[in-house]
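Asks: have a look; sequence and predicted model below, questions after that.
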Amino acid sequence: MILKGARFVITQDEKRRVLEGADVRIGGDRIREVGRDLKPERGEEVVDLEGRVVLPALINAHNHAPMVLFRGYEDDRPLKEWLQRMWAKEGRLTGRVARAGAKLALLESLSHGIATTLDMYEAEEVAKAALEVGMRVATAPPLISVFAPAEERLKATERFHRNYRGNPYVLPVVNLHSVYTNDEDAIRRAAELSKELNVPLHVHASETREEIYECRKKTGKLPVEYLDSLGAVWERSVLVHLGWVARWEINIMAERGAKAVHCPSSNMKLGTGGFFPYPVFRERGITVGLGTDSAASNNTQDLFREMRMMALIQKHQYWNSSIVTAQDALDVATRGGAEVVGIKAGRIEKGYLADIAVLEITPEMLPLRRENLISNVVYSTTGNLVERVFVGGREVFRRGSEEFNEKYREAMREAEGFLDYLEE
């Protein structure tokens, strides 16, 4: 397949080249060639993208997909009360409904140019939904030892890995919810399992002031220090939120090679306080990804909005309009996310996964030149401008596609009974 004649191709390669009038050749699930005037091979499909912008599909580095079912419920409540009410609602979920919710979230994500999401929720249902819609998910059963014995959850994680090892669309991880929902033994064993399986260890960390105070009171350490003391900060650790992280904890992360994820909209909406110091992570060479968090706390699955939010909040906090650029935000949503998840993606470059988004050029992006393209994509665009998405070389979203719209309607029908129940 050749994606032909795009007005711009944002490569996100090492030089961050933007190509004009370029083509992208796909073979299997990989990008084979990028250049101008590529000649179609015999029988090769040609997709005309004249007047469009091509860029790497985005990677959502933190999500709870089925929670899209709770979007708009319990908004504007204090965080602790919000969490308690969410957990009560989650207790009503069945597997079938969780799968329908996951499908809704993943379809919405695809329509906003996201090809991969790192998820922490009902892993089996999210995995099945991903296989149905053709999207990539990195997930596993969440470990919350205050709700269920650690032994049970760890065995479930091992089973999940056996079932999906090698699957190109379901990427097993170890999901450790947090320091405040797990005891010392559970954290240590989760860390050991992630090392044994050599997969990401995905953890909420230092999200709220209460979390860091309680952790220090109980253990004598701050959350990242505590995780590190139990072997849970290593090169495949993915620590999410980090609004209350201390500078010395960032140094620990840098020494261990751990990664960080920024969820600006969710943190602001939930009023968690603190601040994710992106320039400090960048200075210390720590890979950062960008996450929406759940649609219950965001309330969208739109990383274009998140890129804008990330750049603006960093500029505002540091009183410095150039400290974080549009290019930084795009890097975090593409290359950074790929490193967080551990896949060869996030670039339009030979040998990389053919996970590609196509944008329509609309009036809010104009005037459009090579020089202002990245700024206009980050500051002026939303996911609603996404026209097509390819995952592993397969077109899985095309705006206006009746097949795609029917999948969405079907998922809504499956969720309707549960939504009625929520409103009782």
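Replies: Perfect, I can see it now. Numbering: from 1, shown residues only.
Asks: chain center to the helix or strand hosting residue 338: distance?
Replies: If you go by DSSP states H and E, residue 338 is part of helix 337-341. Averaging C-alpha positions (Cα atoms, centre = their mean, to the nearest Å) puts helix 337-341 9 Å from its chain's average.
Asks: that one packs against which elements?
Replies: Using 3 or more Cβ pairs under 8 Å, 6 or more residues apart in numbering; DSSP states H and E, the elements in contact with helix 337-341 are strand 58-63, strand 114-119, strand 259-262, strand 288-290. (C-beta placed from N, C-alpha, C; glycine too.)
Asks: I'd like those written out as a markdown table, with distance to residue 142 and mean neighbour count added.
Replies: Listed next are those as a markdown table, based on distance: least, Cβ to Cβ, whole Å; neighbours: other Cβ atoms under 10 Å:
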| stretch | distance to residue 142 | mean neighbour count |
| --- | --- | --- |
| strand 58-63 | 12 | 30 |
| strand 114-119 | 9 | 30 |
| strand 259-262 | 16 | 28 |
| strand 288-290 | 18 | 26 |
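Asks: can you list these in TSV and add distance to residue 126?
Replies: Putting the helices and strands packed on helix 337-341 into TSV (distance: least, Cβ to Cβ, whole Å) gives the following:
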stretch	distance to residue 126
strand 58-63	9
strand 114-119	5
strand 259-262	18
strand 288-290	18
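Asks: what residues does the helix holding residue 338 touch?
Replies: Residues outside helix 337-341 that contact it (Cβ atoms under 8 Å, 6 or more residues apart in numbering): 58-61, 116, 118, 138, 171, 200, 238, 259, 261, 287, 289-290, 344-347.
Asks: mind redoing it with 6 Å?
Replies: Residues from elsewhere that reach helix 337-341 (Cβ atoms under 6 Å, 6 or more residues apart in numbering): 59, 61, 116, 118, 138, 238, 259, 287, 289, 345, 346.
Asks: and of those, the nearest to residue 103?
Replies: Distance ranking of the contacts of helix 337-341 against residue 103, using Cβ to Cβ, places residue 116 first at 16.1 Å.
Asks: how about the contacts made by that closest one?
Replies: Contact partners of residue 116, counting by Cβ under 6 Å, 6+ apart, are 59, 136, 341.
Asks: the last one - nearest residue in space that isn't next to it in sequence?
Replies: Nearest in space to residue 341, with sequence neighbours left out and distances taken as Cβ to Cβ, 6 or more residues apart in numbering, is residue 138 at 4.9 Å.
Asks: and what of the second one?
Replies: With Cβ to Cβ, 6+ apart as the criterion, residue 136 has its nearest non-adjacent residue at 4.0 Å, and that residue is residue 116.
Asks: tell me the predicted confidence for the one you found.
Replies: With respect to pLDDT, residue 116 scores 98.
Asks: which strand residues bridge it?
Replies: Beta-bridge pairing of residue 116 under DSSP bridges involves residue 59, residue 136.
Asks: measure it to residue 381 for me?
Replies: 19 Å (Cβ to Cβ, to the nearest Å).
Asks: what does residue 106 give?
Replies: 21 Å.
Asks: between the helices and strands packed on helix 337-341, which gets nearest to residue 401?
Replies: The nearest among the helices and strands packed on helix 337-341, by Cβ to Cβ, is strand 114-119 at 16.5 Å.
Asks: need the next SSE after that closest one, C-terminal direction.
Replies: helix 123-133.
Asks: for that next one, list every residue counted as buried.
Replies: Going by neighbour count (16 or more other Cβ atoms under 10 Å), the buried part of helix 123-133 is 123, 124, 125, 126, 127, 128, 129, 130, 132, 133.
Asks: from the residues you listed, which single one is nearest residue 248?
Replies: For the buried residues of helix 123-133, the nearest to residue 248 is residue 123 (33.6 Å; Cβ to Cβ).
Asks: hang on, the earlier thing: can you name every helix or strand that the following helix or strand past the helix holding residue 338 contacts?
Replies: Downstream of helix 337-341, the first helix or strand assigned by DSSP H and E is strand 356-360. When contacts are defined as 3 or more Cβ pairs under 6 Å, 6 or more residues apart in numbering; DSSP states H and E, strand 356-360 sits against strand 52-56, strand 386-391.
Asks: distance of residue 167 from residue 350?
Replies: When residue 167 is compared with residue 350 (using Cβ to Cβ), they lie 24 Å apart.
Asks: show me what stretch 360-367 is in contact with.
Replies: 376, 380, 385, 387.
Asks: thinking again about what came up before, quick one: contacts of whichever helix or strand the residue nearest to residue 341 is part of?
Replies: Assigned by DSSP H and E, residue 138 belongs to strand 136-139. For strand 136-139, the external contacting residues (Cβ under 6 Å, 6+ apart) are 115, 116, 117, 118, 119, 123, 126, 130, 169, 171, 173, 341.
Asks: helix or strand right after that strand?
Replies: Per DSSP H and E, the first helix or strand lying C-terminal to strand 136-139 is strand 142-143.
Asks: now the spatially most central residue of the chain: closest residue in space that isn't a chain neighbour?
Replies: Geometric centre of the chain, nearest residue: residue 60, 1.5 Å, by Cα atoms, centre = their mean. Leaving out its chain neighbours, the residue that sits closest to residue 60 by Cβ to Cβ, 6+ apart is residue 117, at 4.1 Å.
Asks: pretty sure that neighbour contacts residue 64?
Replies: No: Residue 117 is beyond contact range of residue 64, at 9.8 Å (criterion: Cβ atoms under 6 Å).
Asks: would you mind measuring the gap between the ends of stretch 345-357?
Replies: This stretch, stretch 345-357, spans 12 Å end to end (Cα to Cα, to the nearest Å).
Asks: circling back to that earlier point, residue 106 and residue 381 - which one has more neighbours?
Replies: residue 106 (31 against 23; other Cβ atoms under 10 Å).
Asks: wait, that one touches residue 134, no?
Replies: No: Residue 106 is not in contact with residue 134 according to Cβ under 6 Å; the separation is 9.0 Å.
Asks: can you count the residues close to residue 200?
Replies: Neighbours around residue 200, by other Cβ under 10 Å: 24.
Asks: ok, it - contacts?
Replies: Here residue 200 is in contact with 173, 236, 238 (criterion: Cβ under 6 Å, 6+ apart).
Asks: run through the protein and note the low-pLDDT ranges.
Replies: Residues of the chain that meet the criterion pLDDT under 70 lie in 421-424.
Asks: what residues of the longest helix anywhere in it count as buried?
Replies: Secondary structure of the chain per DSSP state H: the longest helix is helix 402-422. Residues of helix 402-422 classed as buried: 404, 407, 411, 414, 415, 418 (neighbour count, 16+ other Cβ under 10 Å).
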